[in-house]
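> Show me how the following folds:
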Amino acid sequence: PMARILVVDDDLLIRELVSDVLERDGHTPEACSDAHTALDRLAEGGIDLIVSDINMPQMDGFRFREVVRADPALDRIPFIFLTAADASYESEIAEKMAEEFVLLKPLDVAHFRRIVFSMLGEITREEGRLSAGTLTTLFDHISRQEMSGVLTAHRGEIVKRVVFRDGLVAFAMSNDPREL
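This is a model prediction of the structure:
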């Protein structure tokens with residue numbers, strides 16, 4: 001198998017759809033119906049990627065991510081979030097899920113597969129300085145792969161975010177007073 005991927009969604013049909021897509025691509029999906037069960041599974045180790053719903057009972061995806069990120073053994077596992085949220089909810093998602101990909105339901109299977117491939121294979125999370133050439137390459141990759149998600153940059157108290165949808169910039173935001 002290529003990767004072990006934890007699928008967390010309270011909707012059985014979504015869990016089955018996502019798991020089937022991942023299996024066809026050679027991955028080993030492990031499905032959980034809620035965040036508490038997912039945390040128990042994560043404690044066992046060996047998970048490479050988490051695909052999670054945001055709107056779940058008991059513990060929503062926002063809180064689930066916070067708990068995972070608070071554990072040093074788990075904090076580097078990338079997330080892909082699925083949500084039925086409408087466009088009015090996007091800015092809140094962008095704010096709370098700045099480092100993760102958020103895909104809207106109904107799931108575009110081809111797009112989902114590209115995101116999984118990119119997160120597991122082509123794009124690695126490493127610390128260090130980015131050159132202008134590296135950023136150009138990254139933006140080109142996002143465009144060519146028609147990716148959706150949020151790119152966040154921090155410098156001290158200044159935070160800048162660019163939200164992509166299908167490879168295009170949907171909107172950008174900054175708290176830099178020089179850019180108001």
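> Could you list the low-pLDDT ranges of the chain?
1, 85-100, 121-138, 140-141, 179-180 (pLDDT under 70).
> if we go to 50?
Applying pLDDT under 50 to the chain flags the ranges 122-128, 131-132.
> where do the strands sit along it?
For the chain, the strands defined by DSSP state E cover 4-8, 28-32, 49-53, 79-83, 101-104, 149-155, 158-165, 168-174.
> Residues in contact with the fifth one: which ones?
Residues from elsewhere that reach strand 101-104 (CB atoms under 8 Å, 6 or more residues apart in numbering): 54, 79-85, 93-94, 111-112, 115, 119, 147-150. Where you see a C-beta, it was placed from the backbone N, CA and C, and this is true even at glycine.
> hmm, try it at 7 Å
80-83, 85, 93, 112, 115, 148-149 (CB atoms under 7 Å, 6 or more residues apart in numbering).
> What of the second one?
For strand 28-32, contacts defined as CB under 7 Å, 6+ apart pick out 1, 4-8, 15, 18-19, 22-23, 38, 41.
> same thing with the fourth one?
Counting contacts by CB under 7 Å, 6+ apart, the residues outside strand 79-83 that touch it are 9, 14, 49-55, 61, 65, 93, 97, 100-105, 107, 115-116, 119.
> cutoff 8 Å now
Against strand 79-83 from outside (CB under 8 Å, 6+ apart): 9, 14, 18, 49-55, 61, 65, 68, 89, 93, 97, 100-105, 107, 112, 115-116, 119.
> Likewise for the first one?
Residues from elsewhere that reach strand 4-8, judged by CB under 8 Å, 6+ apart: 15, 18-19, 22, 27-35, 37-38, 41-42, 46-53, 56, 61, 64, 116.
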